[in-house]
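Chemist: model this:
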Amino acid sequence: MCIFRYKIREERGETMPKLTFFYGVMNSSKSARALIQKFSFEEKGFSVGLLKPAVDTRDGGEWVRSRIGLCSPAHPVAPDEDLNRWYLHHPFDVLVVDEAQFLSGRQVEALYEVACASAPVFCYGLASDFRTRLFPGSRRLFELADELVRIEALCACGRVAQVNARIENGKILREGSRVEIGGNERYQSMCYRCYRRGLSGQTHGG
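Modeler: Reported below is the predicted structural model:
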């Protein structure tokens, strides 16, 4: 059914990016946008598969929940799960993926194959970790996505935030595990200028 609907859209000349990556820092409403995207397609009669990497264990690992209160059950993607095989048994019209930075490169490639052959895929996630290094999943998305959309959020100084700074006892951390799930109590979105000032011991902001 999903392949039929996708072909009909193409025949009508309705263009749609096959694989889109919406990326932004923490607290840029990525999850809320993912859930709104899901609702928008469902409202038009499309079936939508919502996925999230199982490494994100918040809410039991089987829900996508936004800070503004939106939520929906989601399929937790195991680190070694074959998404091509999963999709064969779950042929949704559209796929929406939250926290896509935690996918493996091979899983991103599988989503791209699904997008090319069957259904549009919309991924939402962070670009880089707290050390300003790209996550492997994000790197592959930047390499393969048909469209890249930056979701902007502001630093406390008013500039566009670029860094997901990990905070402990009021200090910005330089070392630690790459994956550490947390929210406002653990991370702060900053522009690179304020991030560098914080690391050098200067006052944040201004």
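Chemist: which regions of the chain sit below the pLDDT cut-off?
Modeler: Judged by pLDDT under 70, the chain has its weakly predicted residues at 1-17, 180-185, 202-206.
Chemist: what about the strands in it?
Modeler: 19-23, 48-53, 63-65, 71-73, 75-77, 94-97, 121-125, 147-150, 163-168, 171-172, 187-190 (DSSP state E).
Chemist: Check the contact between residue 113 and residue 82; I expect there is one.
Modeler: No: using CB atoms under 8 Å, residue 113 is not in contact with residue 82; the gap is 11.2 Å. C-betas here are computed from N, CA, C, even on glycine.
Chemist: for this protein, what spans make up the helices?
Modeler: 2-11, 30-43, 83-89, 105-117, 136-144, 192-199 (DSSP state H).
Chemist: Report the buried residues of the second one.
Modeler: Looking back up the chat, that one is helix 30-43. Residues of helix 30-43 classed as buried: 30, 31, 32, 33, 34, 35, 37, 38, 41 (neighbour count, 16 or more other CB atoms under 10 Å).
Chemist: Run the chain-centre distance for it.
Modeler: On the basis of CA atoms, centre = their mean, to the nearest Å, helix 30-43 sits 13 Å off its chain's mean C-alpha point.
Chemist: Determine the set of other helices and strands touching it.
Modeler: Judged by 3 or more CB pairs under 8 Å, 6 or more residues apart in numbering; DSSP states H and E, helix 30-43 is in contact with strand 19-23, strand 48-53, strand 63-65, strand 71-73, strand 94-97, strand 121-125.
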